[in-house]
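In: A predicted structure for the sequence below; I have some questions about it.
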Amino acid sequence: MDYSLWPNSGRPWTDVLDAATYAERTGWHGIWVADHFMPNGEDRSGPMNECLGVLAGLAMATSRVRIGSMVLGNTYRHPAVVAKQAATLDQMSGGRFVLGIGAGWQINEHEAYGIELPPVRERLARFEEACQVVTGLLGQERTTFHGTYYQLADAPLEPKPKELPILIGAAGEKVALRIVARYAHEWNHWGLPELAEQKGRVFAEHCARIDRDPATVRRSTQAMIEIVEPDDAEARTRKDRLEKAGRPVIMGSAAEVLDTVARYPAAGVDELLVPDFLLGTGARREDALERLRTEVFTRL
């Protein structure tokens, strides 16, 4: 199983760059960047760098790691524009870019910027059309598409990437995983190993309906991961707060973290993402990530 780093886009560019160069230097598989314009919640005042701008910078600043969007909200950009941006990032990165896309969800961003956030059913229908638009433009010489929400007329996209993986971020079992089964090269969702195993069974059923081998879809997941000391009361408070907010958390001694992480491959997970959101900055963050790398990941 590969391990990748998810730097906090709310921190300054130099801090994100430091995280990326650390990951490049120490053998991490990839770097993922979220697509948000502000923090989630009532407080909209926090900083947030734009995903595609950050990825363009990382494409130039790194040479080995994969870079990807986790994930671009379909409501924010026309899918034809996304396909063009993805093809350009593929060039800039030398074929290391992964196009991560999703249906869109964060309410406060849509309210603040006046961007339409349709009801879930329509949002998923729009997203499925967007997947058709993106795959058509990336794979066909010209694309004509007459959908309910998007229309293309003999549309070109040049230069084309040789192979640009499309990752879909989705967890909904009835519709979203059906879209993943049909259009994705990779699939991502939050969760601990038990949830990954459950989602995998549902996903396999969707794949069977279209005669697709689920093993052809690379799977990734993430949780808030941190090695802490047994007497760290502040860490226990963080864990309780995160779990109450619905975030999966892997926190404890190195042995405890290893025990949980080691169950991911059997649940079908190929890549584990580590958000650095709780790990601080500078030397503190690097020390925390090095403990995970040396005491957990290299022992798998």
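Out: Perfect, thanks for sending it.
In: and residue 195, what does it touch?
Out: By Cβ atoms under 8 Å, 6 or more residues apart in numbering, the contact set of residue 195 is 189, 248. Heads up, the C-betas are built off the backbone N, CA and C, glycines and all.
In: pLDDT wise, what is it at?
Out: pLDDT recorded at residue 195 is 98.
In: distance of the residue nearest to residue 223 when sequence neighbours are not counted relative to residue 92?
Out: Closest residue to residue 223 apart from its sequence neighbours, by Cβ to Cβ, 6 or more residues apart in numbering: residue 248 at 3.9 Å. Distance, residue 248 to residue 92, using Cβ to Cβ, to the nearest Å: 33 Å.
In: contacts for stretch 239-248?
Out: 190, 191, 192, 195, 222, 223, 224, 249, 251.
In: how far off centre is it?
Out: When distances are taken as Cα atoms, centre = their mean, to the nearest Å, stretch 239-248 is centred 19 Å away from the chain's centroid.
In: and if you look at stretch 39-57?
Out: For stretch 39-57, the distance to the chain centre is 15 Å (Cα atoms, centre = their mean).
In: for that stretch, which positions count as buried?
Out: Neighbour counts using 16 or more other Cβ atoms under 10 Å place 39, 48, 49, 51, 52, 54, 55, 56, 57 of stretch 39-57 among the buried residues.
In: what does stretch 203-222 give?
Out: So, applying 16+ other Cβ under 10 Å, buried residues of stretch 203-222: 203, 204, 206, 207, 214, 217, 218, 219, 220, 221, 222.
In: sorry, back to before: identify the farthest-apart pair in the buried residues of stretch 39-57.
Out: 39 and 56 (22.6 Å; Cβ to Cβ).
In: burial count for the residue nearest to residue 223?
Out: Residue 248 is flanked by 19 other residues according to other Cβ atoms under 10 Å.
In: and if you look at the one 4 residues further on?
Out: By other Cβ under 10 Å, the residues close to residue 252 number 20.
In: repeat that for the one 4 residues further on.
Out: Under the neighbour criterion other Cβ under 10 Å, residue 256 is assigned a count of 15.
In: which stretches of the stretch 151-300 of the chain form helices?
Out: Counting by DSSP state H, counting those that start in this stretch, the stretch 151-300 of the chain has these helices, from start to end: 176-183, 193-209, 233-244, 254-261, 282-295.
In: can you check the stretch 1-150 of the chain too?
Out: Using DSSP H, counting those that start in this stretch, helices in the stretch 1-150 of the chain cover 13-26, 51-61, 79-93, 107-113, 120-139.
In: of the ones you listed, which is nearest residue 273?
Out: That would be helix 13-26 among the helices of the stretch 1-150 of the chain, by Cβ to Cβ, at 11.3 Å.
In: quick one, what contacts residue 29?
Out: 2, 3, 4, 65, 66, 271.
In: let's see which of those residues end up in strands.
Out: Among these, the ones falling in strands (DSSP state E) are 2, 3, 4, 66, 271.
In: tabulate these (CSV), appending distance to residue 143.
Out: Listed next are the ones in strands among the contacts of residue 29 as CSV, based on distance: Cβ to Cβ, whole Å:
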residue, distance to residue 143
2, 32
3, 36
4, 31
66, 26
271, 30
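In: drop anything exposed from these.
Out: Buried among the ones in strands among the contacts of residue 29 (16+ other Cβ under 10 Å): 3, 4, 66, 271.
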